[in-house]
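1. Attaching a predicted model along with its sequence, questions to come.
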Protein chains: 2
Amino acid sequence: MAIADDSTGESPQVDRDHVQSLERGIAVLLAFDEEHPEPTLAELAQITGFSRPAVRRFLITLERMGYVRGSGGRWSLTPRVLAIGQHYTASHALIELAQPHLLRLAEETHESASLATLDGDDVVYVARVPVRRIMSINVSVGTRVPAHATSMGRVLLAWAPVPVVDSVLNRRPLRPITPRTVTDPSALRAELARVRADGWSIVDEELELGLLSASAPVRDRTGQVVAALASSTSAGRSSRGELERNVVPLLVETAERITADLGRR
Amino acid sequence: MAIADDSTGESPQVDRDHVQSLERGIAVLLAFDEEHPEPTLAELAQITGFSRPAVRRFLITLERMGYVRGSGGRWSLTPRVLAIGQHYTASHALIELAQPHLLRLAEETHESASLATLDGDDVVYVARVPVRRIMSINVSVGTRVPAHATSMGRVLLAWAPVPVVDSVLNRRPLRPITPRTVTDPSALRAELARVRADGWSIVDEELELGLLSASAPVRDRTGQVVAALASSTSAGRSSRGELERNVVPLLVETAERITADLGRR
DNA sequence: GTCTACTGCCCGCTATGCGTACAATCTGAT
DNA sequence: ATCAGATTGTACGCATAGCGGGCAGTAGAC
């Protein structure tokens, strides 16, 4: 057994397998956000906690790579940054393959269609055809929402390996997002069992009041659930019953079609 | 004036402002693509040209940060990678702000609506509402296309600073993408002048046969053109004349509305 | 079984990246 | 104008972070 992993606290012995500069450089890149869209060097140093010369080196490196641009003492991200995410998309055939199915689903239901994957406790949208703005937040590819309060999360958890489910459910109290969010672990486990039995999930105003969504599993060729397909609408425009009657069959059929496409390559 | 920039080749004097490990680490991340969706350590070393121990260090660092996952000797990207691009989106208010306008434009025209920015010689899609699949490639946020052959590129170049235009147009022969692509620099400059006069651009099958698109400028509060709004259709479904009559007015109006929204914050 | 090709890891060396310290520059107040 | 008081840019000596050659351990191929 290795002595490594977490230090017991005293040995100043450093971690030979960790590249500090990579982590720091990415931290600098991520320091750009809504609150700091055009930070100065000093601001970035303050946000990240690194020395100014260090931040400057990272910025110059990133600038040479085309990810940031500096002018007039202020720095900003370039659209090149978006290309990084493309590598995720490109390396997962599922996503490109699902696109036409999402388009068709959106067209037939007149509602937004989404495809998402599990990452930690969150569901991450990996493909999307928006139709109307229904959620208060602007959902785009890459957006994360808590798994336990969404139909896509329920679908992904329903067929996820036990340790994954445990790590999400046994986490410090599940956060209630709206008054209707189910936060009791055993109630959620029962719900997951029901999803498994039905083959789909509907979640009604648990992520956001007025938001209603249905979801079905997409599988890879080994039968493992790798993504969830969803259709979302507003509680005003539809209802749980209507969704179940009109949308769920189409949703399940579309998910199965994506699964089939994924299998035959 | 600094002695730095490009070395004349012989001085082994290193660049103190360049962080090697950051550049290498990102190179490892970018080595994942369509052809190498689940590479092994050795493959990555071969692709990047770094030693295996080095690649391993980067992978472990990236794994700890949640960007890659290793299992069974194969490594893959996690959806966390998509979060990096979100920082670009979040730091540019324009994008979120334009979203509802894109949705409305798409709904009213029944065609895909896009917003794009210039980066080097390329146009980069920064927001998009797809309606139907028209292009052979799958366009998503982050996708790059050559500026000279697209309506969005023409709009962005029409109002771009002279050195930017020169750097795009005087580049080694403009690549013809289809037989109809305009590649003569002076013809293009004339076209840019026309775009400037009209206030919009239509490009007809220059990027891809059968593809037809119209575009109008979006400005920031200083009047500078910061993005192009476009509506794309297929040559079968519409025509240049029809586009000019029915779509362009709506397009220009929508672009002006985005400009106005952008101005008042 | 042997062979091959991979990953995991150790470890000494030095180039790399570090931050302190100082110069240059800009901004606004007096 | 002149001068604080804030910036950012740069130099440089030092510690160490990161480097890769090399080897042990492991898994699959035949």
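-> Thanks, I have the structure now.
2. Do a quick rundown of the strands in the stretch 101-250 of chain A.
-> Remark: strands assigned in the stretch 101-250 of chain A by DSSP state E, counting those that start in this stretch are A:112-119, A:122-129, A:144-146, A:201-204, A:211-219, A:225-234.
3. Same list (these) but as a markdown table, adding distance to DNA strand C, mean neighbour count and mean pLDDT.
-> (Each C-beta comes from the backbone N, C-alpha and C, glycine too.) Output for these, formatted as a markdown table (distance: least, Cβ to the nearest atom of the strand, whole Å; neighbours: other Cβ atoms under 10 Å in any protein chain shown; pLDDT from 0 to 100):
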| stretch | distance to DNA strand C | mean neighbour count | mean pLDDT |
| --- | --- | --- | --- |
| strand A:112-119 | 22 | 25 | 96 |
| strand A:122-129 | 26 | 24 | 96 |
| strand A:144-146 | 28 | 18 | 95 |
| strand A:201-204 | 36 | 22 | 94 |
| strand A:211-219 | 28 | 26 | 96 |
| strand A:225-234 | 23 | 26 | 96 |
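4. Mind checking those for the one nearest to A:Val248?
-> A:Val248 lies closest to strand A:211-219 among those, at 5.6 Å (Cβ to Cβ).
5. how much does the closest one deviate in direction from strand A:225-234?
-> Put simply, strand A:211-219 runs at 160 degrees to strand A:225-234, going by axes from the mean of the first three to the mean of the last three Cα atoms, to 10 degrees.
6. Output strand A:211-219 as CSV - backbone C-alpha positions only.
-> Output in CSV follows, covering the C-alpha atoms of strand A:211-219 (Å, rounded to 0.1, in the frame of the first residue of the first chain):
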residue,chain,number,x,y,z
LEU,A,211,-41.5,24.2,-14.4
LEU,A,212,-42.6,20.8,-15.4
SER,A,213,-40.5,18.2,-17.1
ALA,A,214,-40.4,14.6,-18.3
SER,A,215,-37.4,12.4,-19.0
ALA,A,216,-36.4,9.0,-20.3
PRO,A,217,-33.1,7.1,-20.4
VAL,A,218,-30.7,6.7,-23.3
ARG,A,219,-28.4,3.6,-23.2
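7. list the contacts for the closest residue to chain B within the stretch 151-265 of chain A?
-> Proximity of the stretch 151-265 of chain A to chain B (Cβ to the nearest Cβ) peaks at A:Ala227, 10.0 Å away. When contacts are counted by Cβ atoms under 8 Å, 6 or more residues apart in numbering or on different chains, A:Ala227 is found next to A:94, A:98, A:115-117, A:126, A:156, A:217-218.
8. And A:Leu77, by the same measure?
-> By Cβ under 8 Å, 6+ apart, the residues touching A:Leu77 are A:29, A:32, A:67-69, B:87-88, B:91-92.
9. what about it, distance to DNA strand D?
-> Separation of A:Leu77 from DNA strand D (Cβ to the nearest atom of the strand, to the nearest Å): 17 Å.
10. The closest residue to A:Ile60 other than its chain neighbours - how many residues pack around it?
-> Sequence neighbours aside, B:Asp17 is the residue nearest to A:Ile60 in space, at 4.6 Å (criterion: Cβ to Cβ, 6 or more residues apart in numbering or on different chains). As a burial measure, B:Asp17 scores 15 neighbours (other Cβ atoms under 10 Å in any protein chain shown).
11. gap between B:Asp17 and A:Phe58?
-> Distance of B:Asp17 to A:Phe58, given as Cβ to Cβ, to the nearest Å: 10 Å.
12. thinking again about what came up before, which one of the contacts of A:Leu77 has the most neighbours?
-> B:Tyr88 (29 neighbours).
13. Please report the distance of that one from A:Leu41.
-> With distances taken as Cβ to Cβ, B:Tyr88 is found 19 Å from A:Leu41.
14. Ok, A:Arg128 next?
-> 36 Å.
15. bridging residues for the residue nearest the centre of chain A?
-> Compute the mean C-alpha point of chain A, and by Cα atoms, centre = their mean the closest residue is A:Val124, 1.3 Å away. A:Val124 forms beta bridges with A:Thr117, A:Arg144, as assigned by DSSP bridges.
16. Pretty sure it sits against B:Pro79.
-> Yes - shown here, A:Val124 and B:Pro79 form a contact pair, counting by Cβ atoms under 8 Å, at 3.9 Å.
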